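S.K.: Provide a 3D model corresponding to the input given below.
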Amino acid sequence: MADSDPITLVTISASYGAGGSCVGPALAERLDVPFVDRAVPGAIADRLGISRTAAEKLDDNVERGLDRVLAHMAPIGDFYGDVDPALLRRTSHHEAAEQAIREIAATRRAVILGRAGAVVLAGDPAALHVRLDGPPAARVEQAMVLEGVDRETAERRRRETDRAREAYVKRYYNCDARNSRLYDIMLDATRLDLDLCVELIATACAATRPSRPRASPRP
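M.R.: Numbers count the residues shown, from 1 in each chain. Sure, this is the predicted structure:
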């Protein structure tokens, strides 16, 4: 990437109800780059030698189920179907996901949603890191609209999803997903219209040039 080129590699971290699943694809379309979300389990499946279905289930439930499986508190089939418990013990899910993200980032053209992308690519001067957040109550309200669910369901999902996403970053990277040092842009996506969030990020990409690598926020 030349110094005069705009940014076309973006990571998005989003708390539950902040609209990451809406902003991510829309931003990718705006930048004319691939949107990376479900592509990561496919890459994990290739690396772990398991089916894509099993990789997707593993990816979706890694925080909820992995600890219980490895601690022999639940049978493997309850969570991962055809994934061998021995495979989980000797293979790191997050390392497979991290390698997939790095390979995608090497193209310099992608919008990557979640999976600690801002931490994995913290030293990449060509990446712009974005955090979408908002007050918990406002995120619940927005999730009710975006997902068509009732308040009780949205609140339960908020608690579980926020906890799982924060635990993933804390467990594997020893840092706080809410740490502002991880991001170039932080937006309250419950106060700002989601289309405006896309516009603001796209504008930042057009105006931002590659910088020197930032220091890692990890201790």
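
S.K.: care to break this protein down by domain?
M.R.: Per the record, the chain has its domains at 1-34+109-207, 37-107, by automatic domain parsing.

S.K.: Tell me where the model's unsure across the chain.
M.R.: For the chain, the stretches flagged by pLDDT under 70 are 1-4, 38-93, 209-219.

S.K.: ranges for the strands of it?
M.R.: For the chain, applying DSSP state E gives strands covering 9-14, 35-36, 110-113, 127-133, 185-188.

S.K.: any chance of those in JSON lines, plus distance to Glu166?
M.R.: Just so you know, the C-beta spots here come from the backbone N, C-alpha and C atoms, and that holds for glycine as well. Converted to JSON lines, the strands of the chain look like this (distance: least, Cβ to Cβ, whole Å):
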{"stretch": "strand 9-14", "distance to Glu166": "10"}
{"stretch": "strand 35-36", "distance to Glu166": "21"}
{"stretch": "strand 110-113", "distance to Glu166": "16"}
{"stretch": "strand 127-133", "distance to Glu166": "12"}
{"stretch": "strand 185-188", "distance to Glu166": "15"}
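
S.K.: and Val169, which of those is closest to it?
M.R.: strand 9-14 (8.4 Å; Cβ to Cβ).

S.K.: contacting residues around the nearest residue to Met144 once chain neighbours are set aside?
M.R.: Spatially, and ignoring its direct neighbours in sequence, Met144 is nearest to Ala154 (4.8 Å; Cβ to Cβ, 6 or more residues apart in numbering). Counting by Cβ atoms under 8 Å, 6 or more residues apart in numbering, Ala154 touches Gly17, Val140, Glu141, Ala143, Met144, Glu147.

S.K.: Next one: Ala154 from Pro6, what distance?
M.R.: 36 Å (Cβ to Cβ, to the nearest Å).

S.K.: Let me see the contact set for Ala127.
M.R.: Counted by Cβ under 8 Å, 6+ apart, Ala127 has contacts Ile7, Leu9, Val10, Thr11, Ala105, Gly117, Ala118, Leu121.
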